Every structure is written in structure tokens, then in C-alpha cells.
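J.: give me the fold of what follows.
(one chain, ligands or ions: 1)
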Amino acid sequence: MEITVAKDAGYCFGVRDAVKLAFEAAEEYGNVYMLGDVVHNERVVENLADAGAKVVDSLDEIPDGAPVLFRAHGTATEVWDQARGKNIRIIDATCPLVQDIHDEVRRTSEDGRQVIIIGDHGHDEVVGIASQARTPIVVATPDEARQLRKMKRAAVVSQSTQMIENVQAIINVLMTKVYDLHFVNTICFPTKRNHEQIKRLAAESDLMIVIGSFTSANSKRLTQLAGERNADTYQVTGKDALKPEWFDGVNKIGISAGASTPDELIAEVRAGIEEICAELVV
Ligand code: SF4
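T.: Residues are numbered from 1 along each chain as shown. Alright, predicted model coming up:
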């Protein structure tokens with residue numbers, strides 16, 4: 001039995017830095033506030049809550065002088081403006097690659113182009129990107145792109161974790177709709193790398209395990225990419241979800257994990273698979 005863990009499985013650098021900053025802030029100030037979970041992973045959220053992190057719905061719930069952490073996937077302009085007007089300590093964990101998307105969108109919007117964002121409706125990163133433009137349009141699928149009116153000048157960016165296949169399909173439609181189309185490929189390089197690795201690994205393995213929360217869009221996309229290449233693909237949130245029958249007669253096992261999955265969870269699931277396989281051999 002051979003187990004291969006995708007080289008860059010798990011935390012991307014943006015999430016790793018944000019989680020680290022959250023723990024450091026909780027330690028330094030005794031607590032830290034966040035507008036939503038720092039990552040879509042139950043284990044990390046629980047550990048952070050134990051360390052003193054508090055999730056709030058609005059900045060108004062944060063006491064005077066307390067620290068608030070702005071998460072890796074960026075924060076809407078209105079929230080920044082509101083926070084600056086309050087007596088709270090802002091800890092900015094925005095990933096620099098998300099910041100680049102914000103800057104690009106602001107520039108092109110000021111240049112008078114219609115901004116089109118390829119991304120998931122309502123996702124916090126997309127909301128933050130959209131807040132940089134005057135009248136942004138969010139498109140999640142080629143079908144939605146087909147509903148758009150014809151336009152003269154538009155600039156297109158994508159949410160950092162989109163699949164290249166979806167972006168390409170949408171761009172193909174937009175080319176029939178927009179006369180002067182400016183496209184910047186803002187899928188971030190950790191996402192590109194993870195997607196390429198899982199496509200290869202899924203094709204080479206007898207069985208694929210993707211570790212990640214079902215609340216993580218990023219983990220679900222990895223599962224989709226693996227599932228398209230290997231019907232024996234399972235997404236699990238931890239080792240307790242592994243089923244021994246999946247591993248019966250299997251030789252090559254591939255493992256990957258979403259950008260919000262911590263290293264220790266990957267190690268635990270790997271150990272769980274080794275245990276199951278050892279019992280099957282006996
Ligand atoms: S997925 Fe990419 S853009 Fe998003 S936080 Fe991670 S590195 Fe940054």
C-alpha cells in the first residue's frame with residue numbers, strides 16, 4: 001500500500017499567516033474579535049475559541065480598545081471605513097494576493113470599465129472584491145454569463161480559489177458579449193498548484209481522500225476536481241469519517257486537503273488510513 005500526500009495539501013500561506021496572527025493576538029490581548037470564522041475549519045475555529053477568539057456579526061459588538069482581526073480573504077471597504085471610525089485595534093490579515101485583486105479592481109473601475117467578478121455569490125472574498133468597484137457584476141457560471149447584456153468595455157477578475165475550467169468557460173461566453181475585454185487571471189498561485197497536483201494525483205491513485213470541512217468551498221472544489229478523475233474519491237473532515245471498506249484491495253492512496261485544513265488534521269487522517277490498511281492486511 002502506497003500513500004501519497006499532495007505536496008502542497010492544506011494551509012495556503014495566506015490562511016497560515018492569518019491563523020498565526022489570530023493566535024498571537026489572542027495571546028497578547030487576552031482575546032481577539034473576528035467578523036466570522038478565520039477559516040472554514042471546525043477544528044481550527046474550536047482551538048481559536050479556546051485561545052480567546054470571539055466571532056461577532058458586527059463591529060458594534062466589539063468593546064472599546066479591543067482588537068479585531070480582518071481575515072485573509074479580505075474585508076469590504078464599508079467595514080474598513082466603519083472600523084477606522086471606531087476605537088478598536090485593527091489587525092489586518094488580508095492575504096497580499098487578495099489585496100492585489102482589490103487594487104486591480106479599484107484601478108479598472110476608476111478607469112471606467114464595467115467590473116465583472118467570476119466567483120461564488122455571497123462568498124466573503126467576493127463581497128470584499130466587489131466593494132472596490134462602483135457597479136460590480138458577479139458571475140458564478142457560464143449560464144449566468146449568457147444572461148448578461150452586451151457591453152463595450154469590461155474588466156474581468158476571478159475569486160482567488162476558482163477552478164481554471166470554470167473561468168475559461170465564462171471568459172468564452174464573455175468574449176461574445178464584450179467588445180473590449182480586459183482579463184486578469186487572479187486565481188492565486190497556491191490554488192493553481194493545488195488544483196494541478198490533485199488532478200495528477202487523482203488520475204494516478206486507486207482511491208482519493210480529500211480532507212476538509214464541508215463548509216469550505218475550496219475543499220469542495222478539490223473534491224470535485226478529484227471526483228471528475230477518480231470515482232473513488234471521498235471528502236472527510238477527520239479520521240473518524242474513514243470507512244475501512246473504502247480501502248479493501250486498494251494499492252495507491254492519494255491524499256489532499258483544502259487551504260483551510262491544518263497540518264495536524266492531515267497527519268491524523270494519514271495515520272488513521274495507515275491503521276485501517278494495517279488491519280486489512282492482517
Ligand atoms: S487561497 Fe490564495 S488568495 Fe486566498 S488566502 Fe490563500 S494564498 Fe491568499
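J.: for the ligand, what's the nearest residue on this structure?
T.: Proximity of the chain to the ligand (Cβ to the nearest ligand atom) peaks at Gly14, 2.5 Å away. In this view, the C-beta of every residue, glycine as well, is placed from N, C-alpha and C.
J.: is that residue in a helix, a strand, or coil?
T.: helix (DSSP: H, G, I helix; E, B strand; the rest coil).
J.: which residues touch Pro148?
T.: I think there's a mix-up here, since residue 148 is Leu and not Pro. Counting by Cβ atoms under 8 Å, 6 or more residues apart in numbering, Leu148 makes contact with Ile116, Ile137, Val139, Leu174, Lys177.
J.: can you pick the most crowded of these?
T.: Ranked by neighbour count (other Cβ atoms under 10 Å), these have Ile116 at the top, with 27 neighbours.
J.: where in the stretch 151-282 of the chain is pLDDT low?
T.: 282 (pLDDT under 70).
J.: contact residues of it facing the ligand?
T.: Residues of the stretch 151-282 of the chain lying near the ligand by Cβ under 6 Å from any ligand atom: Ser160, Thr161, Cys188, Pro190, Thr191, Ala259.
J.: not counting its neighbours along the chain, what's nearest the fourth one?
T.: Beyond its immediate neighbours in the sequence, the residue positioned closest to Pro190 (Cβ to Cβ, 6 or more residues apart in numbering) is Cys12, lying 3.8 Å away.
J.: check His40 and give its pLDDT.
T.: For His40, the model assigns a pLDDT of 82.
J.: spell out which parts of the stretch 1-150 of the chain neighbour the ligand.
T.: Checking the stretch 1-150 of the chain against the ligand by Cβ under 6 Å from any ligand atom, the hits are Cys12, Phe13, Gly14, Val15, Ala72, His73, Cys95, Leu97, Val98.
J.: need the max-distance pair from those.
T.: Farthest pair in these (Cβ to Cβ) is Phe13 and His73. Separation: 13.2 Å.
J.: Leu174 reaches Arg146, doesn't it?
T.: No - counting by Cβ atoms under 8 Å, Leu174 does not reach Arg146; the two are 9.7 Å apart.
J.: need the residues touching each of the two.
T.: By Cβ under 8 Å, 6+ apart, no residue touches both Leu174 and Arg146.
J.: okay, and Asn200 sits in which element?
T.: Check again: residue 200 is Arg, not Asn. For Arg200, the host element (DSSP states H and E) is helix 189-204.
J.: and that helix, what's buried?
T.: Pro190, Thr191, Asn194, His195, Gln197, Ile198, Lys199, Leu201, Ala202 (16 or more other Cβ atoms under 10 Å).
J.: what angle separates the helix or strand Val156 falls within from helix 189-204?
T.: Element membership of Val156 [criterion: DSSP H and E] is strand 151-158. Between strand 151-158 and helix 189-204, the angle comes out at 70 degrees (axes from the mean of the first three to the mean of the last three Cα atoms, to 10 degrees).
J.: what about Arg84, how many residues close to it?
T.: Using other Cβ under 10 Å: Arg84 sits among 9 other residues.
J.: that one and His102, how far apart?
T.: For Arg84, the distance to His102 equals 16 Å [Cβ to Cβ, to the nearest Å].
J.: need the helices for this protein, in chain order.
T.: Along the chain, counting by DSSP state H, helices occupy 13-29, 42-51, 77-84, 96-110, 124-130, 142-146, 164-174, 189-204, 217-229, 263-281.
J.: so which of those is nearest Pro244?
T.: Smallest distance to Pro244 across the helices of the chain (Cβ to Cβ): 5.0 Å, for helix 263-281.
J.: right, so the helices of the chain: which one is the most enclosed?
T.: helix 124-130 (a mean of 22; mean count of other Cβ atoms under 10 Å).
J.: who's in contact with that one?
T.: So helix 124-130 is contacted by 36, 71, 73-76, 98, 101-102, 105, 115, 117, 119-120, 136, 138, 157, 159-161 (Cβ under 8 Å, 6+ apart).
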